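with the sequence up front, the predicted model follows.
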Amino acid sequence: MKAVVVEQYAPIDQIELKDVPSPRIEPGQLRIRVEAAGIGFVDGLKLQGLYQTKDPLPFIPGTEFAGIVEEAPGEPGGYRPGMRVMGMTRSGALAEEIVVKPEALHPLPDGVAAEVAASFRANYLTALYALSARAMIVAGEQLLVLGAAGGTGTAAVQIGKLLGARVIAAASTAEKREFAQQHGADAVIDYTQTGWRDTLKELTNGHGADVIFDPVGGEISVQAFRSIAWRGRHLVVGFAGGAIPALPFNLPLLKGGALLGVDLAQIPTREPEVQKRLMSELTGWLAEGRLKPAVGRVFALEDFREAFRTMQTRAALGKMVVRISK
């Protein structure tokens, strides 16, 4: 099969597409023919060995995928050959085939394209877990989404609206802010402007943000926390801006605010029942058409490097997807 292979941690230009043996299937596992794989910020870090945990070399990158069950000896988890599925795994998605346990999979609702499914699970599960299980947001609260045109940011805008929040989307360009509004944001802010916190104050009638969804990091995170409402909750989702901020401890004290970590990688083992419940809720919304995931650009497998480059520039709207097979 063809697969993207990381033999040494390196920038994307040094990673190659290779012909490799199909993975062996062990008892209790399934073989999936991968139709599409999503490319996220974490995938770019893993290639370079810059993520918090390192994948043993060599490895096939890619954590999120959609495809069709090809082999299912004993039908583990009730999955049968021919079923369409979406899944998440530690690595291996940027290949024509992947072998996983049933716990990594979720049935794909009828009518949902592979490109949509491959850009869905990580971003939307992160957003719903953060807003519902961690921040426990309630209808009518003010939600500030930083990096609102990125993959997780767009998901947070859409999920926030479904949960009844008033969503204020913060993004760095007019194109990104328009994109956020197209996906449900009630108001937008240019956080590259010096007085953006004054704009936020006006938009919230002096109240501030009840919940801050933050996949960006850097100095913008500290500024955002300074504008949090009393008993507000700041969700730490990631550091796409590069720098890990240092928050003065007097700010949570003065604001009565909480800093809440959101690590999707730990949910399957630490809170499996929560993940199961949230995925059922998400796929229900997907099947009903209430949730329409934002797919970014779609690339051919041979153009995987361009998918990573586009994602890493942070100029892209939505999540990048690599189409692997039809």
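Arrived safely. Residues are numbered from 1 along each chain as shown.

what is the burial count for Lys292?
12 (other C-beta atoms under 10 Å). Placement of C-beta: from N, CA and C, glycine included.

hang on, Glu115 in a helix?
Yes: judged by DSSP: H, G, I helix; E, B strand; the rest coil, Glu115 forms part of a helix.

contact partners for it?
Glu115 is in contact with Ala36, Ala66, Val295, Val298, Val321, Arg323, counting by C-beta atoms under 8 Å, 6 or more residues apart in numbering.

in three-state terms, label the second one for me.
Ala66 carries the three-state label strand when classified by three-state DSSP.

show me what contacts the most centrally placed residue in the chain?
Nearest to the mean C-alpha position of the chain, by C-alpha atoms, centre = their mean, lies Asn123 at 2.5 Å. Taking C-beta under 8 Å, 6+ apart, we find Asn123 in contact with Gly40, Gly151, Thr152, Thr154, Ala155, Pro293, Lys319.

repeat that for Leu235.
Ala130, Leu131, Arg134, Ala135, Val211, Ile212, Phe213, Asp214, Leu260, Val262.

neighbour count and pLDDT for those - can I get that in TSV?
Below are the contacts of Leu235 laid out as TSV (neighbours: other C-beta atoms under 10 Å; pLDDT from 0 to 100):
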residue	neighbour count	pLDDT
Ala130	28	98
Leu131	26	98
Arg134	18	97
Ala135	25	97
Val211	29	98
Ile212	29	98
Phe213	36	98
Asp214	32	97
Leu260	18	97
Val262	22	96
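
related to what we said a few turns ago, what about the contacts of Asn123, which are in helices?
Mapping those onto helices (DSSP state H) picks out Gly151, Thr152, Thr154, Ala155.

pull the number of nearby residues for the last one.
The one in question is Ala155. Ala155: 31 neighbours (other C-beta under 10 Å).

separation between it and Gly208?
Ala155 sits 23 Å away from Gly208, going by C-beta to C-beta, to the nearest Å.

max-length helix in the chain?
Per DSSP H, the chain has its longest helix at helix 272-288.

if we look at that one, which residues are touching it?
Against helix 272-288 from outside (C-beta under 8 Å, 6+ apart): 106-107, 109-110, 112, 120-121, 124-125, 128-129, 132-133, 162, 267-268, 291, 293.
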